[in-house]
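K.L.:
Structure for this input, please:
(one chain, ligands or ions: 1)
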Amino acid sequence: MKPSQPARERPNRCDVCGEITPGYDSVNYGSPELGYRLLCNHCLNAEVAREDGLEGFEDPRFEPVRLADCAGKVREFHFRTRLFGPGVALDAFELRDGYPAGYQFQIIGDPSDDLMVLLGRLIEKMRRALSTQHIVDREFGLGITDSGVVRGRIECDLCCDPRLPLLVVDGREIAWDDFGRMLMTYEGWQFKLEIRDQSEEL
Ligand SMILES: [Zn+2]
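P.N.:
Have a look, this model is predicted:
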């Protein structure tokens, strides 16, 4: 059985343990034939571990950590562990109004890895990313730093036009039009665009 679409971003009650869980931390799990149950992430991991014979899998609940970004702003990161059989994904994300937003990071490991070590690697990755500034506030709006490099995440612009990307750079949401205006500083220049999975190093 596989997790289906994540449940909507609202609190849900887990069908196994009965705990009220935020929407980002629960999934519908099952199959069209057998039906779906709403599981919290912890119960999902236990179920996947059982199905895949990973009984020794430990699923610790990591406390949030606070890290300063390149501008000195302290940001709080929450963690989520998700076992998917051959691998385990560890996510770190900020919350805004109860929903994941801003900076988000992921690392993939082996289910037999020590998750504390994986967490340490994820936090190193977060520190590296947070130490680099890509955009600056200029007199006439946002601009790209002199490095000429922008790293970020592609999201969907649900507020304005879901067919257009919403970019998250330095933990800030940048509308596609605004990003276009930032690029116009470089009219006539070349650029290189590389797209990577969230778990890869940028
Ligand atoms: Zn549960």
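
K.L.:
Give me the contacts around stretch 123-136.
P.N.:
Outside stretch 123-136, the residues that touch it by Cβ atoms under 8 Å, 6 or more residues apart in numbering are 65, 67-71, 75, 77, 92, 103, 105, 107, 142-145, 147, 149-152, 169-170, 172, 174, 182, 201-202. Every C-beta, even on glycine, is put in place using the N, C-alpha and C of the backbone.

K.L.:
Would you mind listing the buried residues in that stretch?
P.N.:
By 16 or more other Cβ atoms under 10 Å, the buried positions in stretch 123-136 come out as 123, 125-126, 129-130, 134-135.

K.L.:
What average pLDDT does it get?
P.N.:
The pLDDT scores in stretch 123-136 average 96.

K.L.:
measure it end to end?
P.N.:
According to Cα to Cα, to the nearest Å, stretch 123-136 extends 24 Å from its N-terminal end residue to its C-terminal end residue.

K.L.:
and what of stretch 108-115?
P.N.:
Distance between the two ends of stretch 108-115: 10 Å, counting by Cα to Cα.

K.L.:
what's the offset of it from the middle of its chain?
P.N.:
Distance, stretch centre to chain centre, for stretch 108-115: 18 Å (Cα atoms, centre = their mean, to the nearest Å).

K.L.:
Inside strands: which ones of the contacts of stretch 123-136?
P.N.:
65, 67-68, 75, 77, 92, 103, 105, 107, 142-144, 169, 172, 174 (DSSP state E).

K.L.:
Closest to the ion out of those?
P.N.:
Within the set of those, Ala92 lies nearest the ion; the separation is 21.2 Å, counting by Cβ to the ion.

K.L.:
what's near enough to touch Met182?
P.N.:
For Met182, the contact set (Cβ under 8 Å, 6+ apart) comprises 135, 141-144, 174.

K.L.:
So which elements touch the helix or strand hosting Gly30?
P.N.:
Using DSSP states H and E, Gly30 falls within strand 26-31. For strand 26-31, the helices and strands in contact under the criterion 3 or more Cβ pairs under 8 Å, 6 or more residues apart in numbering; DSSP states H and E are strand 2-6, strand 35-40, helix 41-51.

K.L.:
And the next helix or strand past the shortest one?
P.N.:
I take that to be strand 2-6. Per DSSP H and E, strand 2-6 leads on to strand 12-13 as the next helix or strand towards the C-terminus.

K.L.:
Mind listing the strands that following strand pairs with, and their directions?
P.N.:
strand 20-21 (antiparallel) (DSSP bridges).

K.L.:
Report the mean per-residue pLDDT for the strand it pairs with.
P.N.:
92.

K.L.:
Is that strand positioned near the ion?
P.N.:
No: for a cut-off given as Cβ under 5 Å from the ion, strand 20-21 has no contacts with the ion; the smallest distance is 6.7 Å.

K.L.:
Can you tell me the element Glu94 falls in?
P.N.:
Secondary structure from DSSP H and E places Glu94 in strand 88-96.
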